[in-house]
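K.L.:
Generate a structure from the sequence data that follows.
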Amino acid sequence: MSKNNYFKKKTKWGLISSKGYFILFFLFSNYFSYSQQSYFEETSEYKDTTEEEEEENFYLKFDEFGFSSIENRMVDNKGRGDERFNGVRNFRVVLYDLLYRGGGNNLHLKDTIPKYYLWNPMPLYALRQLKEQGFNQATYLYAHNFEYWYPPNRLDSLKSENFTYKCEPKPYSYLSTFFDEVMNRANKLDSGKMLIHCWNGWHQAGMLSAFTLMQFCDYSNEDALKYWETCTDGNHKGYKVVKDRILNYKRDTALSFTDLQKDQYCPCLDIELEIKEQSEDDIVNLSEDEMMEKQPKKQELHVVKKGDSLSGLSLKYKTTIEKIKAENNLESDTIFIDQTLIIP
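P.N.:
Down below sits the predicted model:
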């Protein structure tokens, strides 16, 4: 018996023909859909959970790179993560598709300068990465080694490629200019994205980011502080000066986003941030002063004149005899005319 005859023979004796199959499939599908709908309507808990999940997904905001959370890092402290940005450590979004933060990935310098390899601006390859992803500006919020790695000719070369890299080690002096740069981008006067960075992307960049969220996104001082602490990846203990600056920040009422700009660029206010414990990968062997590039107090010099004494100098300069002696390696209280003393 041929294959065609076999198919006809079986169909004749009751197996479903192709036409009959589609009719039965249509009836079954309608019945299943009705049953499924009835089940969901009767099971309110399942229905409510589904609606909550759908609502959460609907309101979750993403930037053009696919990142949604201002808390989570796209690249971690070891440079692991999204390969488009692995030249930046602890890389995070602040304002979606506008402002980002992080620290330079200078791990390649660890063998050369073991303790202070982080004390450097962004490596050149990281700036190239950023440019490829639509950034046109990066700002280094410290000063150490900037002129060494980026002499004027290198900065000019970057500028000729429509990328600006600059050094702004005094955040309060830079704040007004920085906010203007943010507004220019929010108002579509500049289409490039911005990066602000310090050494780790935690403290100085975090403080400027906290100011930004208070200024443009209706964050309270307390919310901004929690944001700062959360995004230090466990490195938030101490830093009283930074915390006080965040808690005492006052918005400039003449400078703000429109409601449309807030909706486009700002993170959701109702997302609960969770302060994390420090992991082993996030431990950095630097003191608080070293982390913040605290400038040492400028030494004052005093040339000894007739009638000077350590007691008198300690009162004049509001210090102690012991500190003057220690700073100058003096074994006694005797000093000499025309002797130069370092005043601590």
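
K.L.:
Only C-alpha atoms from now on, for both contacts and neighbour counts.
P.N.:
Noted.

K.L.:
ok, which stretches of the chain are helices?
P.N.:
3-12, 18-42, 44-59, 124-132, 146-149, 152-160, 171-186, 204-216, 221-230, 240-247, 259-265, 288-291, 310-316, 321-328 (DSSP state H).

K.L.:
and the spatially most central residue of the chain, how far is that from residue 272?
P.N.:
Centroid check for the chain by Cα atoms, centre = their mean gives residue 101 as the closest residue, at 3.4 Å. The gap separating residue 101 from residue 272 is 20 Å, by Cα to Cα, to the nearest Å.

K.L.:
ditto for residue 108
P.N.:
To residue 272, residue 108 is 36 Å away according to Cα to Cα.

K.L.:
Equivalent analysis for residue 239, please.
P.N.:
As judged by Cα to Cα, residue 239 and residue 272 stand 23 Å apart.

K.L.:
Could you do residue 104 as well?
P.N.:
The gap separating residue 104 from residue 272 is 28 Å, by Cα to Cα.

K.L.:
Which of the two has more residues huddled nearby?
P.N.:
More crowded of residue 104 and residue 272, by other Cα atoms under 10 Å: residue 104, with 28 against 11.

K.L.:
Enumerate the beta-bridge partners assigned to the more buried one.
P.N.:
Note on residue 104: beta-bridge partners by DSSP bridges are residue 88.

K.L.:
give me every residue that touches it.
P.N.:
Applying Cα atoms under 8 Å, 6 or more residues apart in numbering, one finds that residue 104 lies in contact with 87-89, 118, 120-123, 126, 197-201.

K.L.:
Strands - which of these land there?
P.N.:
Residues from these lying in strands, with DSSP state E as the criterion: 88, 89, 197, 198.

K.L.:
okay, these in JSON lines with neighbour count, pLDDT and distance to residue 321 next?
P.N.:
Below are these laid out as JSON lines (neighbours: other Cα atoms under 10 Å; pLDDT from 0 to 100; distance: Cα to Cα, whole Å):
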{"residue": "88", "neighbour count": "35", "pLDDT": "97", "distance to residue 321": "48"}
{"residue": "89", "neighbour count": "30", "pLDDT": "96", "distance to residue 321": "46"}
{"residue": "197", "neighbour count": "29", "pLDDT": "98", "distance to residue 321": "42"}
{"residue": "198", "neighbour count": "28", "pLDDT": "97", "distance to residue 321": "39"}
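
K.L.:
Going by distance to residue 253, which of these wins?
P.N.:
Nearest to residue 253 among the ones in strands among the contacts of residue 104 is residue 197, at 26.2 Å by Cα to Cα.
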